[in-house]
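> Build the 3D model from these lines:
(one chain, ligands or ions: 1)
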Amino acid sequence: MDELPHFKPTALDLLREPIETGEIAVIRARYRAVFPSRSKLIAAMNPCPAGRSCKEHTCRCTTSQVQRYQSRISVPLLDRIDLHVPVPELNQELMFAAGGKEPKNNRHTPLAELREQIAMAKQIQVQRQGCLNAYLNGSALAQRMAEAGLTSAFLTRVSEHFELSMRSYHKVWRIASALDDLDKATSIVQRDRTDARKVLC
Ligand SMILES: [Zn+2]
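Next comes the predicted model:
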């Protein structure tokens, strides 16, 4: 969904149910039909309503314009989106050096290699727990965190420090678990509060 805030807020909020339950229920009078609706939601939005005509550090929009634009996406919907990725403006030097083409970045992993890593991570998840991390419920996640050696005192501290809702709390550990599965050179480790901030941001 490109330009997410341009969709009607009422339509956007209808996404909450299928994201959460993987199903969508259509209710008319005495009839109720439930349809499977497991999907991946990928959405993009600009940081301000003027979008491309505004520069990252010299945005000319007023605070209330920006707030109104961003508030079109409700907090409950944002809460259900696992990864929020800020995309910084493209470096002008890089852009010109590439002669108008998309600049190559040495840090990019080739797509074929990424696909292989993801397939392997999914296989690890299914072998370990019979489903993907995305479908782990609260108690299964708690068990996974305990197996990784994370104490409940640490989990509580992180939750309090970042003021996480229960949904965000589960989301963080689902992502930590996915990162762990993607990169077998690392594993979920418990760090102190300062390090945890770095890891989680
Ligand atoms: Zn702006």
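
> after the lengthiest helix in the chain comes which helix or strand?
Criterion DSSP state H: the longest helix present in the chain is helix 111-129. Per DSSP states H and E, helix 111-129 leads on to helix 138-147 as the next helix or strand towards the C-terminus.

> averaged over its residues, what pLDDT does the helix or strand following that following helix have?
Once helix 138-147 ends, the next helix or strand along the chain (criterion: DSSP H and E) is helix 152-161. Averaged over helix 152-161, pLDDT sits at 85.

> same check, this time on stretch 13-31
Here the average pLDDT along stretch 13-31 is 89.

> buried ones in that stretch?
In terms of neighbour count (16 or more other Cβ atoms under 10 Å), stretch 13-31 has its buried residues at L15, P18, I19. Bear in mind the C-beta positions are built from the backbone N, C-alpha and C, glycine included.

> So the last one: helix, strand or coil?
Local secondary structure at I19 is given as helix here, using DSSP: H, G, I helix; E, B strand; the rest coil.

> Surely it and L78 touch.
No: at 11.0 Å, I19 and L78 do not qualify as touching, with contact defined as Cβ atoms under 8 Å.

> other SSEs contacting the host helix or strand of A178?
Using DSSP H and E, A178 maps to helix 166-182. On a contact count with 3 or more Cβ pairs under 8 Å, 6 or more residues apart in numbering; DSSP states H and E, helix 166-182 meets helix 75-79, helix 111-129, helix 138-147, helix 152-161.

> so how far is the ion from K122?
39 Å (Cβ to the ion, to the nearest Å).

> What's the separation between the most far-flung residue of the chain relative to its centre and the ion?
Outermost residue of the chain with respect to the C-alpha centroid, by Cα atoms, centre = their mean, is R30; its distance is 37.0 Å. Here the criterion is Cβ to the ion. By it, R30 lies 50 Å from the ion.

> ok, and the closest non-adjacent residue to the residue nearest to the spatial centre of the chain?
In the chain, the centroid-proximal residue (Cα atoms, centre = their mean) is L83; its distance is 1.2 Å. Nearest residue to L83, sequence neighbours excluded (Cβ to Cβ, 6 or more residues apart in numbering): I175, at 6.8 Å.

> May I ask you to confirm that that neighbour is in contact with H84?
No: using Cβ under 8 Å as the test, I175 is too far from H84 to be in contact (10.8 Å).

> more crowded one of those two?
Counted by other Cβ atoms under 10 Å, I175 and H84 do not tie: I175 has more neighbours, with 14 against 7.
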